[in-house]
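Engineer: have a look; sequence and predicted model below, questions after that.
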Amino acid sequence: MRRLIRQSLIALAIVLTSPWWVWTRLTRALTGGDATFVACSEFFSLMPGRIGIYLRRGYYAYTLEAFATDCQIAFGTTFSHSRVRIEPEVVIGKNCLIGRVRIGTGTALGSNIDILSGRHQHSFGGDGPVQYQAGTYTQLDIGEHCWIGNSAVLMADVGAGAVIGAGSVVVHAIPARVVAVGNPAIVKKQLPSQAA
Ligand SMILES: CC(C)(COP(=O)(O)OP(=O)(O)OC[C@H]1O[C@@H](n2cnc3c(N)ncnc32)[C@H](O)[C@@H]1OP(=O)(O)O)[C@@H](O)C(=O)NCCC(=O)NCCS
């Protein structure tokens, strides 16, 4: 019964948000850009409580590269790119900023986390202001069943089952099944591999 109610609420959210996701898809097809998506992401991030969680499910189901509708995205969290894949049972806390990334099944992110699209969005060796120097955007990969602590900054991949301490800054890829902490984040512990 709960499942049926949840599915019905998600269907309702998809209908209610349809003017926004249809407009987003249309403008993306016409311009090739994500400006409407970013504006709508900011708008829906401001919807409070359970209503907000459902409205974001409705909107992101039709605008992200992939989005499992059982995920929870909390108040204040925005996406700066639509090239994002979110697998089932992902939970994202408040006020996160999400760039290009795949987030694996069952991963939990705390609040105030930045996931950057790699480390080099701007070049800085050429002439002129840095904001006009093109760089590279990469899609990060956060594995399944990770736990990312509050206020972490991720600029590189995180392996499945890894735990990233609060306030850590990930600049190099973190292997699977470890606890990594600090700035720059380093591996502090190896976790036992999960029973099959
Ligand atoms: C990383 C964490 C999970 C602890 O994991 P743990 O395996 O129990 O680690 P320990 O407490 O044994 O600490 C191991 C080492 O890492 C250090 N450490 C732990 N957390 C750290 C952090 N966030 N930043 C820097 N160092 C940290 C400890 O001081 C210790 O260092 P030492 O070996 O030099 O003494 C925890 O500290 C943490 O950051 N949790 C996130 C909490 C959070 O954000 N919650 C809200 C979202 S749900």
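Structural biologist: That came in fine, so what should we check first?
Engineer: need the residues of the protein near the ligand, please.
Structural biologist: Applying Cβ under 6 Å from any ligand atom, we find that the chain lies next to the ligand at 110, 149-150, 163, 165-168, 179, 181-182, 188-189. All C-beta spots, glycine's among them, are computed from the backbone N, C-alpha and C.
Engineer: repeat that with 8 Å
Structural biologist: Applying Cβ under 8 Å from any ligand atom, one finds that the chain approaches the ligand through 93, 108-111, 147-152, 163-168, 179, 181-183, 188-189.
Engineer: what's the burial count for Asn150?
Structural biologist: Residues lying near Asn150 (other Cβ atoms under 10 Å) number 17.
Engineer: just to check, it is in contact with Asn112?
Structural biologist: Yes: assessed by Cβ atoms under 8 Å, Asn150 is found in contact with Asn112 at 5.7 Å.
Engineer: overlap of the contact sets of these two?
Structural biologist: Gly93 (Cβ atoms under 8 Å, 6 or more residues apart in numbering).
Engineer: circling back: buried subset of the residues of the chain next to the ligand?
Structural biologist: Among the residues of the chain next to the ligand, those scoring as buried are 93, 108-111, 147-152, 163-165, 168, 179, 181 (criterion: 16 or more other Cβ atoms under 10 Å).
Engineer: sitting in strands, which of these do you find?
Structural biologist: 108-109, 147-148, 163-164, 179, 181 (DSSP state E).
Engineer: measure the spatially closest residue to Ser80 that is not a sequence neighbour to Thr24 for me?
Structural biologist: In this structure, Ser80 finds its nearest non-sequential neighbour in Gly99, 5.3 Å apart by Cβ to Cβ, 6 or more residues apart in numbering. Distance, Gly99 to Thr24, using Cβ to Cβ, to the nearest Å: 18 Å.
Engineer: buried set for the worst-scoring helix or strand of the chain on mean pLDDT?
Structural biologist: Every helix and strand of the chain was ranked by mean pLDDT, DSSP states H and E. The lowest is helix 2-16, at a mean of 94. Neighbour counts over helix 2-16 (16+ other Cβ under 10 Å) mark 9-10, 13-14 as buried.
Engineer: one more: stretch 87-95?
Structural biologist: 87, 89-93, 95.
Engineer: which one of those residues sits closest to Gln72?
Structural biologist: Relative to Gln72, the closest of those is Val91; by Cβ to Cβ it sits at 4.8 Å.
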